[in-house]
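A.B. asks: The following comprises the amino acid sequence and a computationally predicted model.
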Amino acid sequence: MKRRPKEFSGSDLENIMDLVNMSTTEGSSWRKHRRISSRPLTEANLDKLVPMMAKTAQKRVGSLQESADKDGHVVWRPTKDLRLCAARIATAVYMGEENPTPSKGLLFTTEMQEEIWSLVSEAFMITLYPTCVLYHDRFLYKLIFPGVRKFAQRLKRIQAKLAVDIRRQVEAGFDRHHLHKSLMESAGTAYSETELVDTLLLYIAGGSETTASAMSWLLSSFCLHPEIQQRARREADSIGELSVDSIHSMPFIEACALESVR
């Protein structure tokens with residue numbers, strides 16, 4: 001019991017497959033992960049990445065426009081689409097990448113992002129059932145229970161793919177010019193490769209779902225209240241080029257976003 005706060009995850013959160021990141025640790029280990037994992041998420045770092053975020057979002061808008069039929073109608077599933085967009089941005093923040101295109105590596109491809117999110121969704125569903133206590137990286141559990149074995153194999157495959165991209169980023173050198181540090185640079189030798197991979201999964205899972213849900217709710221509210229949508233549109237059109245300063249010059253849209261989060 002004396003070791004538990006430093007070594008074991010909380011009893012109210014079943015640690016599926018014994019992942020090691022900020023959401024599954026406690027005590028001194030949690031403090032280490034909290035300190036290191038939050039470094040790329042400082043306001044100063046994120047401000048530098050606003051152009052990347054805007055460009056990534058604009059690409060999604062462009063793809064929607066291209067999918068319109070001859071009458072200009074678009075069939076859109078915003079939650080899934082926004083989740084993919086947010087996941088790519090969260091990955092770019094983690095990797096210290098200012099241009100998250102598929103050419104930058106397997107990690108930024110749509111197929112890989114969807115594969116990761118499918119795994120995360122399955123993990124969320126597993127935690128809803130009492131059998132989640134069996135989903136640990138134990139030889140006996142994997143031997144006896146086919147579901148545990150299949151999920152463990154799937155997780156290991158994805159972790160291996162993520163590790164390859166992380167190693168490639170490290171081998172590419174931290175000497176390259178970039179606007180902000182990646183999590184690997186921030187962590188230095190404090191993280192093992194396992195911790196780096198598991199923290200990347202946390203970035204994608206936490207960053208994409210929360211953003212997608214909030215944005216979907218915001219867009220739904222705009223559709224239900226055209227007068228609010230028109231006022232927000234006028235404010236957005238008035239700022240010209242999108243930048244860190246111009247974002248802070250949109251108090252009405254900010255209020256709408258905060259209300260959606262609430």
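C.D. replies: Perfect, I can see it now. All values reported here derive from a predicted model rather than from experimental measurement.
A.B. asks: list the contacts for residue 158?
C.D. replies: The neighbours of residue 158, taking C-beta atoms under 8 Å, 6 or more residues apart in numbering as the test, are 115, 116, 119. (C-beta placed from N, C-alpha, C; glycine too.)
A.B. asks: rerun at 10 Å
C.D. replies: Residues touching residue 158, when contacts are defined by C-beta atoms under 10 Å, 6 or more residues apart in numbering, comprise 112, 115, 116, 118, 119, 120, 197, 201.
A.B. asks: Do you know the pLDDT at it?
C.D. replies: According to the prediction, residue 158 has pLDDT 96.
A.B. asks: Buried by neighbour count, from the contacts of residue 158: which ones?
C.D. replies: Among the contacts of residue 158, those classed as buried by 16 or more other C-beta atoms under 10 Å are 112, 115, 116, 119, 120, 197, 201.
A.B. asks: wait, residue 133 sits on residue 145?
C.D. replies: No - in this structure, residue 133 is not within contact of residue 145 by C-beta atoms under 10 Å, at 11.1 Å.
A.B. asks: of those two, who's got more company?
C.D. replies: When residue 133 is set against residue 145 and neighbours are counted by other C-beta atoms under 10 Å, the residue ahead is residue 145, at 16 against 9.
A.B. asks: ok, and the closest non-adjacent residue to that one?
C.D. replies: Spatial nearest neighbour of residue 145, excluding adjacent residues (C-beta to C-beta, 6 or more residues apart in numbering): residue 134 at 5.7 Å.
A.B. asks: quick one: contacts for that neighbour?
C.D. replies: For residue 134, the contact set (C-beta under 10 Å, 6+ apart) comprises 14, 126, 140, 141, 142, 144, 145, 147, 148.
A.B. asks: any idea which of the residues you listed is least confident?
C.D. replies: Looking at pLDDT alone, those dip lowest at residue 14, where the score is 74.
A.B. asks: Could you count how many residues lie near that residue?
C.D. replies: For residue 14, the tally of surrounding residues (other C-beta under 10 Å) stands at 18.
A.B. asks: so it, which of the three states?
C.D. replies: At residue 14 the chain is in coil, as set by DSSP: H, G, I helix; E, B strand; the rest coil.
A.B. asks: repeat for the one 10 residues further on
C.D. replies: At residue 24 the chain is in coil, as set by three-state DSSP.
A.B. asks: low pLDDT regions in the stretch 51-200 of the chain?
C.D. replies: 102-104, 173-179 (pLDDT under 70).
A.B. asks: ok, now which ones touch residue 191?
C.D. replies: 20, 21, 32, 33, 36, 37, 183, 184, 197, 198, 199.
A.B. asks: Tell me the secondary structure at the last one.
C.D. replies: Recorded secondary structure, residue 199: helix (three-state DSSP).
A.B. asks: For residue 215, see how far away it is.
C.D. replies: In this structure, residue 199 and residue 215 are 24 Å apart, going by C-beta to C-beta, to the nearest Å.
A.B. asks: so where do the helices sit in the stretch 151-262 of the chain?
C.D. replies: Taking DSSP state H, counting those that start in this stretch as the criterion, the stretch 151-262 of the chain carries its helices at 183-187, 193-224, 226-237, 244-247, 251-261.
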